[in-house]
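J.: Compute the structure for the input listed below.
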Amino acid sequence: MRRSSICSTLLIAFAAGTNPAASSAQIQASERAVVGQTIDGTTLTLEYSRPLVRGRELFGGIVPWDVVWTPGANWATTLDVDRNLRLNGVDVPAGKYSVWAIPREDQWLLMLNEDPEVFHFMKPDSAQASVHVPVVPRSGPHTEMLTWSFSEVRGDFGVLAMSWGDAVLPMRVEVEPTRPV
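T.: Modelled structure (predicted):
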């Protein structure tokens, strides 16, 4: 009986160690994240991967100036909005978009493309984007992991910001008020 018990234990241990699902699982270098916010009845949801700085030179380094880049990693960052809104004064129709940017030292160009399911190597032509939003970058406290957040929400507006390294991209989000003044 003891031999049977040992054989059973070894068989279970072997089976657990050769589980294809367990053996294929690995830690992602840039973990997925989702951030959402409702502003006066309008819901915005961003899905993105979160790369780390890891001591690298970011803008002008691994992310070249004047080159299209998705602010994230792996699959393109997506923005899903359920009602029309304005982003830094630019009209954004309801829908789901892939998010792209052309970083520049003085002013970035954020682009929303109507094809949301795009891998980050498949950069769209900037002219193909359906929405172009100018954004003035700011310096901020060091953020090791790329982060999208809503730093302010009041009434019918909010501030959506991307932070990575020492760069912060704040964007004013304005929605149609549910109760116009």
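J.: Could you find the closest non-adjacent residue to Glu41?
T.: No, residue 41 isn't Glu; it's Gly. Of all residues not flanking Gly41 in the chain, Thr178 sits nearest, at 4.8 Å (CB to CB, 6 or more residues apart in numbering). Any C-beta I mention is one placed from the backbone N, CA and C, and that applies to glycine too.
J.: which stretch of helix or strand covers the one you found?
T.: Thr178 belongs to no helix or strand when elements are defined using DSSP states H and E.
J.: What's the separation between it and Gly155?
T.: According to CB to CB, to the nearest Å, Thr178 stands 10 Å off from Gly155.
J.: residues near Glu174, how many?
T.: Look at Glu174: counted by other CB atoms under 10 Å, it has 19 neighbours.
J.: From the centroid of the chain, which residue is nearest?
T.: When CA atoms, centre = their mean is applied to the chain, the residue found nearest the centroid is Tyr48 (2.8 Å).
J.: So that one sits against Gly36, correct?
T.: No - using CB atoms under 8 Å, Tyr48 is not in contact with Gly36, being 11.9 Å away.
J.: for stretch 155-173, which positions count as buried?
T.: In terms of neighbour count (16 or more other CB atoms under 10 Å), stretch 155-173 has its buried residues at 156-158, 160-165, 167-171, 173.
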